[in-house]
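Colleague: Sequence below, structure please.
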Amino acid sequence: MTFLQTIEHGASSACGAPQRVLIITDAWDPQVNGVVRSLQQLGGELCNMGHTVRYVTPQDFKTVPAPTYPEIRLSLWPLTWMRRTVKEFAPSAIHIATEGPLGLVARNYCVRNGLPFSTSFHTRFPEYIKARFGIPVSFGYHFLRWFHGPATTMMVATRSLQDEMKARHFPSTALWSRGVDTELFRPRPDLRSADFLGLPRPIWLYVGRVAVEKNIEAFLELDLPGSKLVVGSGPQLDALRRKYTQAHFVGPRFGEELAEHYAASDCFVFPSKTDTFGLVTLEALASGTPVAAYPVQGPKDVIGDAPVGCLRDDLASAARTAVTISPQCARSFALDYSWEACARQFVSNLAIQRTSEPTGRARPRLLHR
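Modeller: Just a heads-up that it's a prediction; the model follows:
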């Protein structure tokens with residue numbers, strides 16, 4: 001499905017009056033990460049509820065590669081396009097999902113024109129920038145407070161992240177959790193019991209960006225039997241492939257093929273200490289694959305004390321314990337995470353505006369949140 005065009009549905013809504021939702025995001029295809037998958041899944045659920053959704057993404061613009069991370073494209077000169085989109089689409093709600101060039105233009109446009117908008121906090125850019133360039137974390141959070149400050153609400157994925165953002169003096173936060181596609185990501189016992197890619201078992205899986213902020217070397221350094229399997233791409237891929245020749249790097253996988261890698265593996269190892277949620281952990285659990293991770297924000301919020309994974313500072317010990325957990329337990333746990341519920345939560349956090357129909361010539365005004 002392409003989101004360059006508007007997604008529309010019928011006249012009725014399962015979540016209040018039908019809304020026209022404009023979502024601005026710098027994270028989009030061909031990037032492969034939880035933010036992109038979450039936003040795409042959200043659009044489908046909002047459509048099912050009767051809302052109309054339009055995305056503004058880097059695919060609409062001329063772009064240049066991000067420094068040190070060419071998979072991320074930075075949009076050029078989007079202001080004129082933004083003006084035209086708001087006028088023609090006449091959104092009843094504007095949501096800014098990322099803090100990149102598109103997000104910046106959208107934020108400043110809304111502030112200058114008195115348009116209420118919501119934002120979401122997906123990625124710990126201050127920590128990532130410090131890991132890559134040594135810039136103090138405090139500088140990054142100063143920028144983020146400036147960026148998100150005018151929003152009616154900054155949506156965050158977990159309660160502990162909300163508490164942290166309040167402690168960092170972000171003025172208005174609300175919960176917007178994540179869900180998982182339990183039809184795509186499901187147990188496939190025939191794959192778990194059979195040879196998969198010719199790899200000795202147990203198969204220890206990592207899925208995600210191959211980048212320094214993901215702490216992948218902590219996984220690759222573990223003394224574990226069997227095979228380490230890495231799915232994903234990123235700026236560290238070539239260097240790690242050369243350094244860890246015993247690991248199996250297969251690049252990015254999508255759809256059914258990605259789901260098969262989850263379901264065929266014996267344990268999902270999540271070494272990140274900076275993710276705000278970790279959608280991949282839910283995808284693994286839905287596939288019947290238990291999770292080993294550090295006891296940090298993200299895994300603690302998703303898994304906690306549930307008997308579906310193991311969270312320890314000793315990641316190798318956590319992996320050896322997690323691999324013994326029943327796939328049925330993991331699957332049952334993931335079934336409680338509904339994308340429909342997440343989409344309803346998202347809509348409840350929006351700043352709903354009134355616009356004229358359909359040209360949007362009248363200035364929108366805030367009705368409720």
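
Colleague: average pLDDT across the longest helix seen in the chain?
Modeller: Secondary structure of the chain per DSSP state H: the longest helix is helix 34-48. Helix 34-48 comes out with an average pLDDT of 92.

Colleague: what's the offset of the helix or strand following that helix from the middle of its chain?
Modeller: Downstream of helix 34-48, the next assigned helix or strand under DSSP states H and E is strand 52-56. What separates the centre of strand 52-56 from the centre of its chain is 17 Å, taken as CA atoms, centre = their mean, to the nearest Å.

Colleague: buried stuff in strand 52-56?
Modeller: Within strand 52-56, the residues scored as buried using 16 or more other CB atoms under 10 Å are 52-56. The C-beta positions use only the backbone N, C-alpha and C, and glycine is treated the same way.

Colleague: Pick out the lowest-pLDDT one from these.
Modeller: Among the buried residues of strand 52-56, Val56 carries the lowest pLDDT, at 92.

Colleague: And that residue, how far from Lys166?
Modeller: Going from Val56 to Lys166 by CB to CB, to the nearest Å gives 29 Å.

Colleague: what's the answer for Gly251, then?
Modeller: Using CB to CB, one gets 39 Å for the distance from Gly251 to Lys166.

Colleague: Specify the local secondary structure of Phe185.
Modeller: Using DSSP: H, G, I helix; E, B strand; the rest coil, the structure places Phe185 in coil.

Colleague: Now do the same contact list for it.
Modeller: 259, 262-263, 283-284, 286-287, 334 (CB atoms under 8 Å, 6 or more residues apart in numbering).

Colleague: mind redoing it with 10 Å?
Modeller: 258-259, 262-263, 280, 282-289, 331, 334 (CB atoms under 10 Å, 6 or more residues apart in numbering).

Colleague: nearest residue to it other than its sequence neighbours?
Modeller: Ala286 (3.9 Å; CB to CB, 6 or more residues apart in numbering).

Colleague: Look at the one you found and say how many residues are nearby.
Modeller: 26 (other CB atoms under 10 Å).

Colleague: hmm, which of the contacts of Phe185 are the buried ones?
Modeller: Here, 16+ other CB under 10 Å leaves 258-259, 262-263, 280, 282-289, 331, 334 buried among these.

Colleague: wait, which of the residues you listed is closest to Thr153?
Modeller: Leu282 (23.4 Å; CB to CB).

Colleague: How about the secondary structure of Gln297?
Modeller: coil.

Colleague: residues near the residue nearest to it when sequence neighbours are not counted, how many?
Modeller: Nearest residue to Gln297 in three dimensions, chain neighbours excluded: Ser160, at 5.3 Å (CB to CB, 6+ apart). For Ser160, the neighbour count with other CB under 10 Å is 15.

Colleague: Can you tell me the SS state at Ser160?
Modeller: helix.

Colleague: so what pLDDT did it get?
Modeller: For Ser160, the pLDDT comes out at 91.

Colleague: Ok, His122 next?
Modeller: With respect to pLDDT, His122 scores 89.

Colleague: Find the nearest non-adjacent residue to it, please.
Modeller: That would be Val35: by CB to CB, 6+ apart, it lies 4.6 Å from His122.

Colleague: pretty sure that neighbour is touching Asp29, no?
Modeller: No - with contact defined as CB atoms under 10 Å, Val35 does not reach Asp29; the gap is 11.6 Å.

Colleague: More neighbours: the two, which one.
Modeller: Val35 (20 against 14).

Colleague: which residues touch that one?
Modeller: Contacts of Val35 (CB under 10 Å, 6+ apart): 25-28, 97-98, 120, 122-123, 276-277, 279.

Colleague: ok, the nearest residue to Ala247 once chain neighbours are set aside to Gln246 distance?
Modeller: Closest residue to Ala247 apart from its sequence neighbours, by CB to CB, 6+ apart: Lys228 at 4.3 Å. Here the criterion is CB to CB. By it, Lys228 lies 7 Å from Gln246.
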